[in-house]
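**Student:** Based on what follows, work out the 3D shape:
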Amino acid sequence: MRLLLPEARPEATVAELYGRSQRPQRRPDGRPWVVVSMVASADGAVVVDGASTALSSPTDLAVLLGLRAAADAVLVGAGTVRADDYGPPSRPGVRVAVVTRSARLDYTSTLFSSGAGVVVTTERGPAVPPGVPVVRAGRDRIDLRAAVDALDAGVVLSEGGPHLNAQLVDDDLVDELCLTVSPVLVGGDSPRVAAGPFGAQLHAMRLAHVAEDAGFVFLRYVRA
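**Tutor:** Prediction:
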């Protein structure tokens, strides 16, 4: 990909733009550094036919894998796990924390049979099968701040979906947004990057870089 901002360069690697050296390995207050990674169409859609696959590209996938390599844990909503058929991360030791109030998940999937899957639910949530790690945080609504802290990670990567991202925004937990803009128009009623039953808020972010590859634009914002 070519870097456009903060300095123009004809070539830049995923590792230098998204690697571990690009962010603190934990926030100064001790809370994990939370990164949100999403891909959206030029008109803001984040899913096509229920998944994000049609919006992505090989370089977008490389960015996602680069962010996973720089993270200690992945946070993801149950709907995204089902839609994208999540398996275990390629890097050993990375946990995938699946946020779900119902705890209705396929515990026979490779994500859980590998030992990488962790269930994040409420204190009143249903039981999960024996041997499956579970984080219980919050009584009626999942307390994401407590859940993120319980993961005992320096950097947590959120991969959506929109409802999970909206709660992270509502709880002021987003330290970094890595957004790929796909050169397509979708229309319809697809949700946007963060969408859910939460009040609208303004959280200032600073543009850290802009890169481009094959018409895809790669934006990285960090907390201002």
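
**Student:** C-alpha from now on. contacts and neighbour counts both.
**Tutor:** Will do.

**Student:** what about the strands in the protein?
**Tutor:** Here the chain has its strands, by DSSP state E, at 2-5, 33-41, 73-77, 95-99, 117-121, 134-136, 155-158, 176-182, 205-213, 216-223.

**Student:** Residues in contact with stretch 96-108: which ones?
**Tutor:** Stretch 96-108 has contacts (C-alpha atoms under 8 Å, 6 or more residues apart in numbering) with 73-78, 81, 88-89, 111, 113, 116-122, 125-129, 141-142, 164.

**Student:** that older thread, could I get the strands of the chain as CSV with mean pLDDT and mean neighbour count?
**Tutor:** Below are these laid out as CSV (pLDDT from 0 to 100; neighbours: other C-alpha atoms under 10 Å):
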stretch, mean pLDDT, mean neighbour count
strand 2-5, 98, 17
strand 33-41, 98, 25
strand 73-77, 96, 25
strand 95-99, 96, 25
strand 117-121, 97, 25
strand 134-136, 97, 19
strand 155-158, 97, 27
strand 176-182, 98, 23
strand 205-213, 98, 17
strand 216-223, 98, 19
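
**Student:** I'd like those as a markdown table, with distance to A51 appended.
**Tutor:** Below are the strands of the chain laid out as a markdown table (distance: least, C-alpha to C-alpha, whole Å):
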| stretch | distance to A51 |
| --- | --- |
| strand 2-5 | 27 |
| strand 33-41 | 11 |
| strand 73-77 | 13 |
| strand 95-99 | 17 |
| strand 117-121 | 20 |
| strand 134-136 | 26 |
| strand 155-158 | 16 |
| strand 176-182 | 14 |
| strand 205-213 | 22 |
| strand 216-223 | 18 |
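
**Student:** Which stretch among the ones you listed approaches V148 most closely?
**Tutor:** strand 155-158 (7.6 Å; C-alpha to C-alpha).

**Student:** how much distance is there from that closest one to the middle of the chain?
**Tutor:** Chain-centre distance of strand 155-158: 6 Å, with C-alpha atoms, centre = their mean, to the nearest Å.

**Student:** Contacts for it next, please.
**Tutor:** So strand 155-158 is contacted by 25-26, 32-37, 67-68, 70-76, 148, 165 (C-alpha under 8 Å, 6+ apart).
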